[in-house]
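Asks: following is a predicted model, sequence given first.
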Amino acid sequence: MEILVNLDVMMARRKISSGELAERIGITPANLSILKTGKAKAIRFSTLMALCRELDCQPGDLLEYRP
Amino acid sequence: MNWDKDQSILLTQICTAVFAALLLALDIGCYWAMSWFVLLRGLDRSSVWYFTATIYGCSVFAWLLLWNLWGLLGSIRRGEVFTADNVRRLRIVSWCCVGAALLCLVSALYYPSFLMITAAAGFMCLIVRVVKNVFQQAIAMKSELDLTI
């Protein structure tokens, strides 16, 4: 039972690099890497909102619940 | 007087160094100090060796405690407060208190006033353990916060 972060899939679809996305949403590349690799324990609404805005997607496109 | 964080830590480090100097002086002059004490209290002359053994036993724990306190203060000064190393240091400090308390408890067999030191050391151990538990909880919270993006 886990929450998967499909950030890399969405980034590939939008053809955007980690460095560029990190800069656009105002977090460090290291923190974006933590998010991409699924090591994050929580995500702020502000970060999620910025990700959705820059990737033009819904939260459900980025997060997936796997029972 | 307005004390900032670094000055406060420096003061604590100076106090730790003063305690270390006093402990060193006690270690060096333990026999003479105990001879004087035994004479002053009118105790049996042979008890000097019991007192000396207790003081040297407690001294081992005291040095270990001071060394760990020094390390803890240095770590806090560097801004590394809630770390696993500091929890380990606090655990060692609390066990040093337990060790000294037990030694004094045994020593109370020949000099009952050592029971007061036993109680003080036991109480100090309790306080240090609570601080250690707070540090452990803080580390868990910091880890959660660090991984909140």
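Replies: Great, that's in hand. Numbers count the residues shown, from 1 in each chain, chains lettered A, B, ... in the order given.
Asks: near chain A, which residues of chain B?
Replies: For chain B, the residues in contact with chain A (CB under 8 Å from any CB of the partner chain) are B:143-144, B:147-149. Just so you know, the C-beta spots here come from the backbone N, C-alpha and C atoms, and that holds for glycine as well.
Asks: packing partners for the biggest helix by length in chain B?
Replies: Assignment by DSSP state H gives helix B:114-146 as the longest helix of chain B. Other helices and strands packing on helix B:114-146, by 3 or more CB pairs under 8 Å, 6 or more residues apart in numbering or on different chains; DSSP states H and E, are helix B:84-107.
Asks: so which residues of chain A form helices?
Replies: So, for chain A - with DSSP H - the helices run A:7-14, A:18-25, A:29-36, A:45-55, A:59-62.
Asks: quick one: closest of those to B:Val98.
Replies: B:Val98 lies closest to helix A:29-36 among the helices of chain A, at 40.1 Å (CB to CB).
Asks: what's that closest one in contact with?
Replies: The contact list for helix A:29-36 (CB atoms under 8 Å, 6 or more residues apart in numbering or on different chains) reads A:5, A:7-8, A:11, A:18-19, A:21-22, A:25, A:40, A:43, A:47, B:147, B:149.
Asks: can you select the buried ones from these in PyMOL?
Replies: Restricted to buried positions by 16 or more other CB atoms under 10 Å in any protein chain shown, the PyMOL selection for the contacts of helix A:29-36 reads:
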select buried, (chain A and resi 5+7+11+21+22+25+40+43+47) or (chain B and resi 149)
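Asks: what's the closest of the contacts of helix A:29-36 to B:Val48?
Replies: For the contacts of helix A:29-36, the residue nearest B:Val48 by CB to CB is B:Leu147; the value is 59.0 Å.
Asks: and B:Arg89, how far from B:Lys132?
Replies: 9 Å (CB to CB, to the nearest Å).
Asks: so who does A:Ser18 touch?
Replies: By CB under 8 Å, 6+ apart, A:Ser18 lies in contact with A:11, A:29, A:32-33, A:36.
Asks: follow-up on the earlier one: relative to B:Lys5, which of the helices of chain A is closest?
Replies: Taking these one by one with CB to CB, helix A:29-36 is closest: 27.5 Å.
Asks: quick one: buried residues of that closest one?
Replies: Those would be A:31-32, A:34-36, for helix A:29-36 by 16+ other CB under 10 Å.
Asks: swap in stretch B:47-58?
Replies: Those buried within stretch B:47-58 under the rule 16+ other CB under 10 Å are B:48, B:50-52, B:54-55, B:57-58.
Asks: could you dump the helices of chain A into a markdown table and include mean pLDDT?
Replies: Shown next, in a markdown table, are these (pLDDT from 0 to 100):
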| stretch | mean pLDDT |
| --- | --- |
| helix A:7-14 | 91 |
| helix A:18-25 | 92 |
| helix A:29-36 | 91 |
| helix A:45-55 | 94 |
| helix A:59-62 | 92 |
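Asks: please tell me how far the closest residue to A:Arg53 other than its chain neighbours sits from A:Ile3.
Replies: Of all residues not flanking A:Arg53 in the chain, A:Ile25 sits nearest, at 7.9 Å (CB to CB, 6 or more residues apart in numbering or on different chains). According to CB to CB, A:Ile25 and A:Ile3 sit 19 Å apart.
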